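**Student:** Any chance you could fold what I've pasted below:
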Amino acid sequence: MSYTPDVEARLRADSAQIIARYPEGHSRSALLPMLHLVQSVDGYVSADGIDLISRILDLPRAEISAVATFYTQYKRHPTGDYLVGVCTNALCAVMGGDEIWERVSAKVGVGSDETSESGRITLERIECNAACDYAPVVMVNWEFFDNQTPESALALIDDIEAGRDIHPTRGPAVAPAFKENERLLAGFPDGRADEGPSAGPATLLGVGIAQENGWTEPVAVPGGAQAEGGEQA
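**Tutor:** Next up is the predicted model:
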């Protein structure tokens, strides 16, 4: 089964915009955002999507599949409306991430990389997402839900299943659906970049201390000579 003519035309038009971002002769650099573009339509990297990318970029299907299976943000089977990731890496785990995962998995009734019967939620255990200062962290369609507890995570699941808006700690005021966010990751702005903070007080604490004390970073000097206020490299 292939795309309908109107869907393929739209994908080709969007792909042309993506390819135009790169220097002439480097169209293969568009592969990663084009995989996100396919996910914005299909909800995963489908066989049809791989075939279309192969024809547009003149790349072997095997090469595209190799890339799509290397990066965990690309999914090879249909993803729910909301991709819920629970961080169980070291710090989040010891701060309660393991318990959150067990409770959420039991409530949704699926394991990692599986989708609920309703099709609303796909669960996954995720590695560090650079939010250790807000551990334990849950992510929904790549948006941060900081300082979670088992109770707050279960309430989040209830809101998703009920179709209520969910509100990330940082970023957009309301978390977009999976396909919406995939279009954003393909490089098509949704106009919501400045809705909320990208970094919170805990992340910026060190910056504030440095400013209060007048501390600045060392200045790099060619040849390793000592810069003013710094040490020899």
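
**Student:** Please count neighbours and contacts with C-alpha atoms only from this point.
**Tutor:** Noted.

**Student:** what bits of the protein have low per-residue confidence?
**Tutor:** By pLDDT under 70, the weakly predicted segments of the chain are 1, 224-233.

**Student:** domain assignment for it?
**Tutor:** Domain ranges of the chain: 5-70, 82-178, per the TED database.

**Student:** Indicate which one of those is closest to A186.
**Tutor:** domain 5-70 (4.3 Å; C-alpha to C-alpha).

**Student:** for S29, what are its contacts?
**Tutor:** By C-alpha atoms under 8 Å, 6 or more residues apart in numbering, S29 lies in contact with I19, Y22.

**Student:** Which residue ranges of the protein form strands?
**Tutor:** Counting by DSSP state E, the chain has strands at residues 82-87, 114-115, 121-126, 138-140, 143-145.

**Student:** I'd like to know which of those strands is closest to R21.
**Tutor:** Among the strands of the chain, the nearest to R21 by C-alpha to C-alpha is strand 143-145 (25.6 Å).

**Student:** Pull the distance from that closest one to the chain's centre.
**Tutor:** 10 Å (C-alpha atoms, centre = their mean, to the nearest Å).

**Student:** can you list contacts of that strand?
**Tutor:** V137, V138, M139, P168, T169, R170, G171, A175.

**Student:** tell me the contacts of the residue nearest the centre of the chain?
**Tutor:** Centrality entry for the chain: nearest residue to the mean C-alpha point is W142, 3.7 Å, by C-alpha atoms, centre = their mean. Listed by C-alpha under 8 Å, 6+ apart, the contact set of W142 reads L83.

**Student:** Could you measure from it over to D58?
**Tutor:** Separation of W142 from D58 (C-alpha to C-alpha, to the nearest Å): 30 Å.

**Student:** before we move on, back to that, can you put the contacts of strand 143-145 in JSON lines and add distance to P201 and neighbour count?
**Tutor:** Listed next are the contacts of strand 143-145 as JSON lines, based on distance: C-alpha to C-alpha, whole Å; neighbours: other C-alpha atoms under 10 Å:
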{"residue": "V137", "distance to P201": "16", "neighbour count": "30"}
{"residue": "V138", "distance to P201": "18", "neighbour count": "31"}
{"residue": "M139", "distance to P201": "19", "neighbour count": "20"}
{"residue": "P168", "distance to P201": "15", "neighbour count": "20"}
{"residue": "T169", "distance to P201": "12", "neighbour count": "19"}
{"residue": "R170", "distance to P201": "11", "neighbour count": "18"}
{"residue": "G171", "distance to P201": "14", "neighbour count": "20"}
{"residue": "A175", "distance to P201": "21", "neighbour count": "22"}
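
**Student:** Which of the domains of the chain has the highest mean neighbour count?
**Tutor:** domain 82-178 (a mean of 19; mean count of other C-alpha atoms under 10 Å).

**Student:** how long is it end to end?
**Tutor:** 6 Å.

**Student:** Same question for stretch 107-122.
**Tutor:** 12 Å.

**Student:** circling back: next, format the contacts of strand 143-145 as a markdown table and append distance to S29.
**Tutor:** Formatted as a markdown table, those follow (distance: C-alpha to C-alpha, whole Å):
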| residue | distance to S29 |
| --- | --- |
| V137 | 32 |
| V138 | 31 |
| M139 | 28 |
| P168 | 31 |
| T169 | 33 |
| R170 | 30 |
| G171 | 27 |
| A175 | 29 |
